[in-house]
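1. Generate a structure from the sequence data that follows.
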Amino acid sequence: MKLIVGLGNIGTQYQKTRHNAGFMALDRMATAHAGQWVVKKNLEAHVCEITIHTEKVLLVKPQTNMNDSGRAVQKVLADNPQIDPKRDLVVVYDDVETTLGVVKKKEGGSAGGHNGIRSIIAYIGDSFWRIKIGVGRPIPGVDMSDYVLAAFMSAEWPALERAFEEVGVVVSSMVSGEVRAVSQVDPKIQAKIKALAD
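-> Model prediction:
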C-alpha cells in the first residue's frame, strides 16, 4: 500500500492558498478515483482510500498545523504497520524554489526550508519520497510567509491545475513501478504568468 500525504493548513481561509497545494492535489486525486474523505480524529487526519492499478493507496491530509504535520504522519504509519515509509510514503507539497506549475519528484533529503517537511523529518526521519509542486518565489519586497499564505491569482490556475494532474500521473507511475520523468509546465502558460508578473 502506498501512503500519499498532502500538506496544507486547516481552515477555510487557507483553502486556495499556495501553502495548500498539497491538499488541493490530493483532493483532485480523490475525486478522480471516486474516493471519499473520512475524518479520523485519532489520527488527526482526513483519510481517503482509493485503488490505483489494483493496489490500495491511502491519501492523507494531516489536520494538525502545517508545522506539526509529522505528528499526524507518525500516527498514520503506526496505524498501518505494513507501510514502509522509505518505500511507500510520498509527501506532496508546495515549493517556492520550483517554477510555478512544475512538478518534481525527489527521494529523501533535507526540508529545504519547508516547515511541514521539517516536522515530518523530525518525527520519522528523512527517508521518504517527495513530490514538489512549484509555486514560484515572491517578487522582491514581498514577505515569504505572506506569499505562501496568499491565494493563487487567477492567471496562475491553468499552470496549477496542470500540475495537479501531473501529480496524479506521477503517483500512478510510482504505484505501478514505472520509471517516469515528470514533465515541465507548458511554456505558453509560463510566458503568460511571467508577463503578468512583469
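2. Residue ranges in this protein under the pLDDT threshold?
-> Scanning the chain for pLDDT under 70 picks out the ranges 179-198.
3. Mind giving me the packing neighbours of the lengthiest helix in the chain?
-> Identified as the longest helix of the chain according to DSSP state H is helix 157-176. Applying 3 or more Cβ pairs under 8 Å, 6 or more residues apart in numbering; DSSP states H and E, one finds that helix 157-176 contacts strand 2-6, helix 21-32, strand 45-52, strand 55-62, strand 89-95, strand 103-107, strand 129-134, helix 187-197. Every residue, glycine included, has its C-beta placed from N, CA and C.
4. could you dump the first one to PDB, C-alpha only?
-> Once side chains and other backbone atoms are set aside, the C-alpha atoms of strand 2-6 remain, and they are given as PDB (Å, rounded to 0.1, in the frame of the first residue of the first chain):
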ATOM      1  CA  LYS A   2       1.200   3.500  -0.800                       C
ATOM      2  CA  LEU A   3       0.700   6.300   1.600                       C
ATOM      3  CA  ILE A   4       0.300   9.700  -0.100                       C
ATOM      4  CA  VAL A   5       0.400  12.700   2.300                       C
ATOM      5  CA  GLY A   6      -0.600  16.100   1.100                       C
END
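5. and the angle from whichever helix or strand Val76 is part of to helix 21-32?
-> Val76 is located in helix 69-79, with elements delineated by DSSP states H and E. With axes from the mean of the first three to the mean of the last three Cα atoms, to 10 degrees applied, the angle from helix 69-79 to helix 21-32 works out at 40 degrees.
6. Which positions within helix 69-79 qualify as buried?
-> Ser69, Gly70, Arg71, Ala72, Val73, Gln74, Lys75, Val76, Leu77 (16 or more other Cβ atoms under 10 Å).
7. Could you confirm Lys86 falls within a helix?
-> Yes: the assignment for Lys86 (DSSP: H, G, I helix; E, B strand; the rest coil) places it in a helix.
8. Hmm, it is touching Leu77, no?
-> No: using Cβ atoms under 8 Å, Lys86 is not in contact with Leu77; the gap is 11.2 Å.
9. got a list of what Ser127 touches?
-> Pro85, Lys86, Gly108 (Cβ atoms under 8 Å, 6 or more residues apart in numbering).
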